[in-house]
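> A structural model of the following input is requested.
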Amino acid sequence: MKKLLGLFIGMAAMSLMLIGCSSDGTGKDAAATESGVPNEITFGSATVGGFWYTLSGAMADVMTEVYPDSSTTIVEGGSVSNLLGLGQGVYHIGFSNGQTVPEALNGIAAFEEPIDNVSTVATLYPNVFHIAVRADSDIYTVEDLKGKTVSPGIKGYSGELAFLDVLELYDMSYDDLGGVEYIGTSEAADLLRDGHIDAITGMISAPVSTFQELDTTLGLRLIPLDEEVVAGLHEKNEGYLDYTVEAGTYPKQKEDVRTVAGYTVLLVNDDLMSEEAVYDLTKMMFENRDTWETISSIMSDFTPEYSVENNVGKLHPGAERYYKEVGAMK
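Down below sits the predicted model:
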């Protein structure tokens, strides 16, 4: 936990420096525009190579039209660090995973105390737990990872925490592995391609462009989870849901692969974003859903009804107003 907090503090310091560039010199956030939107919006996203990073960049482009007097800064983050950043007021908006949000609200697992000043804007799509290896690898099961070098993503992020939960249910730990590389998705893909690591794990979209490219040029194979492990993960955290990566999700994938998923959630800091600003943000998300789907088919089910049905956490009043306006909520 101390290492996780240390990581967050470092990221928070970097983000605060960025925010400070538009501050009034008093240490407070920059003044909001007349519509209640901060002049500088800081967006907690994810490392380069994951869909969160790609989607947040596309969203930031559209946000310049929605909030013409504001600018948006994308910060590489992760499910846990984004929620910590939102709670501390470092980030105005951010992504997280469905299984992480209840932990933050209740102050358990990676969270030493409840975070009560964040609300949900939209629930977007399933974030799927992947274990990916080269197609020519001798790894076919989780147990086969013994003695192998694995990248679980950035230390303390939700992908690593999910991998630790998986290992625990297989009566394994990092001690059983040959090595661990804490790096982002894009960097891990380069190491896998060059044979410097044996597997990549993470909670990412399915498909994710980095893996699509790897499967096309190198050939990937996804490692399934056993049925009892999927059930055990759900029992441990109701945010883990049974999920099947269907054949054809990746170019050379010929078989269905059983795993778990948690929904990607867009959240805001209640103190930094007004009801009107969040209403506009929610409206923007759905009016531009075709753009998001063009980036990845994972967004094909994203509608107001889908978002409400799969809602994680408390809805922000601005988002709730939009959902009622379009008939997705009563």
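> Can you verify my assumption that residue 78 contacts residue 84?
No. Here residue 78 lies out of contact with residue 84, judged by C-beta atoms under 8 Å, at a distance of 9.7 Å. C-beta: built from backbone N, CA, C; applies to glycine.
> more neighbours, the two?
Taking neighbours as other C-beta atoms under 10 Å, residue 78 and residue 84 compare with residue 78 leading, 35 against 29.
> Return the backbone torsion pair for the more buried one.
Per-residue torsions, residue 78: phi -170, psi 170 (degrees, to the nearest 10).
> Which residue, other than its chain neighbours, is closest to it?
In this structure, residue 78 finds its nearest non-sequential neighbour in residue 157, 3.3 Å apart by C-beta to C-beta, 6 or more residues apart in numbering.
> Could you pull up the residues touching that neighbour?
78, 79, 80, 81 (C-beta atoms under 8 Å, 6 or more residues apart in numbering).
> would TSV of those residues with pLDDT be doable?
Output for those, formatted as TSV (pLDDT from 0 to 100):
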residue	pLDDT
78	90
79	91
80	92
81	94
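> and of those residues, the nearest to residue 95?
Proximity of the contacts of residue 157 to residue 95 (C-beta to C-beta) peaks at residue 79, which lies at 7.4 Å.
> can I assume the closest one is in contact with residue 204?
No. In this structure, residue 79 is not within contact of residue 204 by C-beta under 8 Å, at 10.9 Å.
> okay, these two: which has more neighbours?
residue 79 (34 against 26).
> What strand or helix carries residue 72?
Here residue 72, judged by DSSP states H and E, is contained in strand 71-75.
> Residue 271 and residue 117 touch, don't they?
Yes. Applying C-beta under 8 Å, one finds residue 271 in contact with residue 117, separated by 5.7 Å.
> any residues in contact with both of residue 79 and residue 204?
Counting by C-beta under 8 Å, 6+ apart, the contacts common to residue 79 and residue 204 are residue 159.
> Show me how the record splits this protein into domains.
2-124+265-325, 128-262 (automatic domain parsing).
> Any idea which of the ones you listed has the lowest pLDDT on average?
Mean pLDDT is lowest for domain 2-124+265-325 among those, at a mean of 85.
> Which two among the contacts of residue 157 are spaced furthest apart?
Farthest pair in the contacts of residue 157, by C-beta to C-beta: 79 and 81, 7.6 Å.
> which residues does residue 291 contact?
Going by C-beta under 8 Å, 6+ apart, residue 291 touches 58, 62.
> how near is it to residue 182?
Using C-beta to C-beta, to the nearest Å, residue 291 is found at 33 Å from residue 182.
> What residues are recorded as beta-bridge partners of residue 220?
residue 134 (DSSP bridges).
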